[in-house]
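Novice: After the sequence you'll find the predicted model.
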Amino acid sequence: MDDFGGPIMHTSSYKSGRLFRGKDVLVVGCGNSGMEVHVLPQEMLGKSTFGLSMGLLKWFPVSLVDRFLLLVSRFIMGDAGKLGIHRPKLGPLELKSQCGKTPVSDVGTLAKIQNGDIKVCPGIKRIIHRTVEFVDGRKEDFDSIILATGYKSNVPHWLKEGDLLSEEDGMPREAFPRGWKVERGLYVVGFTKRGLLGASFDAKMIAEDIELQWKPEATNLLPYIQPLTL
């Protein structure tokens, strides 16, 4: 990176593409910030892909829903492998559950790849001044580099609660689905690596826990409540 000699930023600092208009930019990584390994259309059968997935999961196992999503995606979007985007062996929902990787909703990226505005490149071997050499020997010149290389939670740096979150990745020490509660009334929502579905599960468990704690407290208050007579 020090040898590049041009602007390099992480996607956490990215605000607008205006700074990069008319320039050759290398986006490093194809995670959720750049583009995920599983690319799904925003809508399927007239409904949002996410909403449809959540509805199907109520009736069918993850493996079956994944097959359906991939089949419809290929019918709508074609074979992404021909564009250099190779799908993993696990389906999008199973991959999210096991590895925390979120599929991206395509908003035109594939079309940009197809017309040549975006090129899919292999891994980086080394960076020289304004030039990047890839593992296949190809060399390309770039004006800027954007790092879409992911992130990790910084909560352990400011939350003084060592028993809850791991300092290594900022995620709960207790594995899903037990990582939503710690001592002293502290709850955590959305640290499951399972997207909105995991956050929903956390929220329901927390609401039920609060209810269980509130009921005994309310019962203890009953002797102190006097009926009002008029």
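Specialist: Structure received.

Novice: which residues does the nearest residue to residue 14 once chain neighbours are set aside contact?
Specialist: Nearest non-adjacent residue to residue 14, counting by Cβ to Cβ, 6 or more residues apart in numbering: residue 146, 6.3 Å away. The C-beta positions use only the backbone N, C-alpha and C, and glycine is treated the same way. Counting by Cβ atoms under 8 Å, 6 or more residues apart in numbering, residue 146 makes contact with 8-11, 14, 20, 25-28, 34.

Novice: Check residue 164 too.
Specialist: 172-173, 182, 186, 188.

Novice: what does residue 1 give?
Specialist: 8, 127, 145.

Novice: For it, give me the pLDDT.
Specialist: For residue 1, the model assigns a pLDDT of 81.

Novice: How about residue 172?
Specialist: pLDDT at residue 172 comes out at 76.

Novice: That one reaches residue 180, doesn't it?
Specialist: Yes. Applying Cβ atoms under 8 Å, one finds residue 172 in contact with residue 180, separated by 7.5 Å.

Novice: packing partners for the lengthiest helix in the chain?
Specialist: In the chain, with assignment by DSSP state H, the single longest helix is helix 195-221. Here helix 195-221 touches helix 49-57, going by 3 or more Cβ pairs under 8 Å, 6 or more residues apart in numbering; DSSP states H and E.

Novice: and the next element down the chain from the helix it packs on?
Specialist: helix 62-77 (DSSP states H and E).

Novice: Least confident secondary structure element in the protein?
Specialist: strand 39-41 (a mean of 65; mean pLDDT, DSSP states H and E).

Novice: From the rest of the structure, what touches stretch 119-130?
Specialist: 1, 3-6, 26, 28, 83-85, 113, 132-136, 138, 140-143.

Novice: Now the buried members of the residues you listed.
Specialist: Buried members of those, scored by 16 or more other Cβ atoms under 10 Å, are 4, 26, 28, 83, 85, 113, 132, 142.

Novice: Tell me, what's the model's pLDDT at the fifth one?
Specialist: Spelled out, it's residue 85. For residue 85, the model assigns a pLDDT of 73.

Novice: follow-up on the earlier one: in the longest helix of the chain, what's buried?
Specialist: 195, 197-198, 201-202, 205.
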